[in-house]
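Trainee: Sequence and predicted structure below; questions after.
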Amino acid sequence: MESVRPGTEADASRCAELADGAVAALATARGGTLLIGRCREAGRPAATAEEFATRMADPLSLVLVGTIDGVVTGWAVCHVEERSPQAPLGCLDGLYVEPGARCVGIGRLLLDGAVDWLERQGCLGVDGSALPGDRQTKSLFEQAGFKARLLTMHRELP
């Protein structure tokens, strides 16, 4: 049975293992290495067990874990970005489901759980990222009601 729940410190090591899979997948995707670098600079999403545990303890962050029959197969990390008291923005820092557990609804449960929590925190919107060519992630976002609002163009220089 598929389910989603808030992550606990006991889940932090498993989340870090899954994060290794996320980084490996990003490294081969168009724009992935640049995104990995920017995410590491910003401390998002969590990558080590310690970082996951820190985010789990942060009241402005949420780590959700997706499970199949009690086994953690994915995670989502989000936070509230306080741009101003009138307009907090929800940020989906990362969402990953291991390949063998995809296509059964875990990703959508994680995304919906993150969005629900951000809405309860008073956020006026939620931002998430998808790399160019990552049709699976883009489709997940679109099916959940997300729309592109900004495209970032990049050109590498010698």
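Mentor: Ah, there it is.
Trainee: how about the strands in the protein?
Mentor: 2-6, 61-68, 71-81, 89-97, 126-127 (DSSP state E).
Trainee: show me where pLDDT drops low in this structure?
Mentor: Along the chain, segments meeting pLDDT under 70 span 26-27, 29, 31-46, 84-85.
Trainee: now Ala148: how far from Gly100?
Mentor: From Ala148 across to Gly100, the span is 29 Å (Cβ to Cβ, to the nearest Å). Backbone N, C-alpha and C define where each C-beta goes, glycine included.
Trainee: Taking the centroid of this protein, which residue is nearest it?
Mentor: With distances taken as Cα atoms, centre = their mean, Gly94 lies nearest the centre of the chain, 1.8 Å away.
Trainee: about what we covered before: with distance to Ala25 added, can I get the strands of the chain in JSON lines?
Mentor: Formatted as JSON lines, the strands of the chain follow (distance: least, Cβ to Cβ, whole Å):
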{"stretch": "strand 2-6", "distance to Ala25": "21"}
{"stretch": "strand 61-68", "distance to Ala25": "16"}
{"stretch": "strand 71-81", "distance to Ala25": "13"}
{"stretch": "strand 89-97", "distance to Ala25": "8"}
{"stretch": "strand 126-127", "distance to Ala25": "21"}
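Trainee: Looking at the ones you listed, spot the one closest to Ile106.
Mentor: strand 61-68 (3.9 Å; Cβ to Cβ).
Trainee: which residues in the protein form helices?
Mentor: Along the chain, counting by DSSP state H, helices occupy 12-27, 32-42, 49-57, 106-120, 135-143.
Trainee: Select, out of the ones you listed, the one closest to Val72.
Mentor: Across the helices of the chain, closest to Val72 is helix 12-27 (Cβ to Cβ), at 4.6 Å.
Trainee: Counting neighbours, show which residues of that closest one come out buried.
Mentor: By neighbour count on 16 or more other Cβ atoms under 10 Å, the buried set for helix 12-27 is Ala12, Arg14, Cys15, Ala16, Leu18, Ala19, Ala22, Val23, Leu26.
Trainee: Same list (those) but as JSON lines, adding distance to Ser129.
Mentor: Output for these, formatted as JSON lines (distance: Cβ to Cβ, whole Å):
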{"residue": "Ala12", "distance to Ser129": "23"}
{"residue": "Arg14", "distance to Ser129": "23"}
{"residue": "Cys15", "distance to Ser129": "19"}
{"residue": "Ala16", "distance to Ser129": "20"}
{"residue": "Leu18", "distance to Ser129": "18"}
{"residue": "Ala19", "distance to Ser129": "15"}
{"residue": "Ala22", "distance to Ser129": "12"}
{"residue": "Val23", "distance to Ser129": "14"}
{"residue": "Leu26", "distance to Ser129": "11"}
